[in-house]
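Participant: Below are the sequence and a predicted model for it; my questions follow.
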Amino acid sequence: MNSIVQVRIDGWIQALPAKTFSWPEIFQVPHYLRKLNEEAYEPKIISIGPYHRQKDHLKAIETQKVRFLKDLLQRRNENSAQRYVEAMTVMMERARKCYSESLVISDEEFLEMMVLDGCFTVELIHKIKEGSWQHDPILNVSQIFTSIVKDLILVENQLPFFVIWEFLGNAFQDRSPFINFIIEMFKEGLPGLRVRITYDENSIKKVRHLLDLLRTNWLPSEDSLREYQNMQENIKFIRSATELREAGIKFRMGEGRNLFDIKFENGTLYIPAVNLEDHTEELYCNIIACEQFDDYESPTYLTDYTTVMSCLIDTGKDVELLCHKGIMDHWLGTDEAAAKMFNRLGREMALDKDNFFYAKLFNDVNRHYYTPWNTRMTNLRHNYFNTPWALISFFAATFLLLLTLLQTTFTIFPRS
């Protein structure tokens, strides 16, 4: 039996490819993350790339890809997709390497898929840029249009950006304005998003896919980046918003729209306003997944921001406090639902404590919270003034005590 096992294991070793395994640039979300919110990574209307193709609920839109390709060709007075097929044939081997090695799809199917999906993406962006989407028989249905745009930035629903860039070059004389426009398309849902990188033929090669383009331009403000200090020391998580308030820490809405610019000054936490909608969790999940599986030294700003918010938000009471201060607004039904959203986002995240963007903020908040005076005041508020009736009882007892002292004083020292 030992020899059989040995032969089998040796066979596995010999079958391994000579190259070292590398995590694919366009990957499938691992189960431990996916199980927290399965729907966050699933396209609703359209499949882009190989991971979700052939799923029944996405087949209805497949014929529209052909129509979009036809629209692209007609706009250029062409009647054949030869230009795009030939360009994709040259890129096919490189494109396949961007996906999981376990992918089972023939070269012919892969080539066809990439041409249709790539041309659909390019023509969709063009229609939105020119405003002609409003006259399209599919896109003018608001729910379909919104769902397609959301599907374009799911981490498993991506094309290599070099494919999109090549097709843009084939379809337009000048493709450079499209970078700015793509970022402009999504800045409403990503507060503070704007072009932060000067793109040339070299820097554009570093963009992995559409979601990566957004992620690498969604950064803290220049002021916050200048103030960032790599603490290189252990950090301790901060308490919830209601607990911090009990310790005398105030909450104010931060200035500006950049989501990441959270500050702590003079006992006050300044947090930029955030609006939570039905798709916010989906968007955050996919960007966080990108951050979690990027190079070790790459910044993880949304992961770090979510860590701050999941610390501050434990229950609906914390959400209520932030809403009251104008920091948060949501369309999720109840404050408890908003709290659960951040609770889910905060689970199963690998936090790089050596490069945590809010390390100094955490240390400053904890230094304020754990000073002896603030600790005593927190215990007093929590144990004795935790309800309005307790506060009323305290003042009533104090008032009675003062009356008793006055009565005793006048008894001992009667007025002459």
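Facilitator: Received, thanks.
Participant: Report the secondary structure state of Y270.
Facilitator: For Y270, the secondary structure call by DSSP: H, G, I helix; E, B strand; the rest coil comes out as strand.
Participant: tally of neighbours for it?
Facilitator: The tally of other residues near Y270 (other CB atoms under 10 Å) stands at 17. The C-beta positions use only the backbone N, C-alpha and C, and glycine is treated the same way.
Participant: same deal with the one 3 residues further on?
Facilitator: Burial of A273, expressed as a neighbour count using other CB under 10 Å, amounts to 17.
Participant: got the contact list for it?
Facilitator: Applying CB atoms under 8 Å, 6 or more residues apart in numbering to A273 gives the contacts P191, M253, G254, R257, G326, I327, M328, D329.
Participant: and the nearest residue to the fifth one once chain neighbours are set aside, backbone torsions?
Facilitator: What it means is G326. In space, not counting the residues next to it along the chain, G326 is nearest to M253; the distance is 4.4 Å by CB to CB, 6 or more residues apart in numbering. M253 has phi and psi values of phi -70, psi 130 when expressed as degrees, to the nearest 10.
Participant: Find the nearest non-adjacent residue to F178, please.
Facilitator: The spatially closest residue to F178, leaving aside those adjacent along the chain, is L168, at 5.7 Å (CB to CB, 6+ apart).
Participant: Just the strands from the stretch 251-400 of the chain, written as ranges.
Facilitator: For the stretch 251-400 of the chain, strands defined by DSSP state E, counting those that start in this stretch occupy the ranges 263-265, 268-271, 274-276, 328-330.
Participant: can you list the residues that contact the last one?
Facilitator: Right, the one you point to is strand 328-330. The set of residues external to strand 328-330 that reach it, using CB under 8 Å, 6+ apart, is A273, V274, N275, L276, E277, V319, L322, C323, A337, A338.
Participant: same thing but 6 Å
Facilitator: The list of residues contacting strand 328-330 from outside it, by CB atoms under 6 Å, 6 or more residues apart in numbering, reads V274, N275, L276, L322, A338.
Participant: Same question for stretch 33-48: list its buried residues.
Facilitator: Neighbour counts over stretch 33-48 (16 or more other CB atoms under 10 Å) mark 33-34, 36-37, 40-48 as buried.
Participant: That should have said stretch 182-192, apologies.
Facilitator: Buried residues in stretch 182-192, defined by neighbour count with 16+ other CB under 10 Å: I182, I183, M185, F186, K187, G189, L190, P191, G192.
Participant: out of the residues you listed, which are inside helices?
Facilitator: Within these, residues falling in helices by DSSP state H are I182, I183, M185, F186.
Participant: Format the residues you listed as CSV; extra columns: distance to K236 and pLDDT.
Facilitator: Below are those laid out as CSV (distance: CB to CB, whole Å; pLDDT from 0 to 100):
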residue, distance to K236, pLDDT
I182, 40, 94
I183, 36, 93
M185, 40, 91
F186, 35, 90
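Participant: nearest to L72, of those residues?
Facilitator: Taking CB to CB as the measure, I182 is the one of these closest to L72, at 17.0 Å.
Participant: Could I get the contacting residues of that closest one?
Facilitator: I182 touches nothing, counting by CB under 6 Å, 6+ apart.
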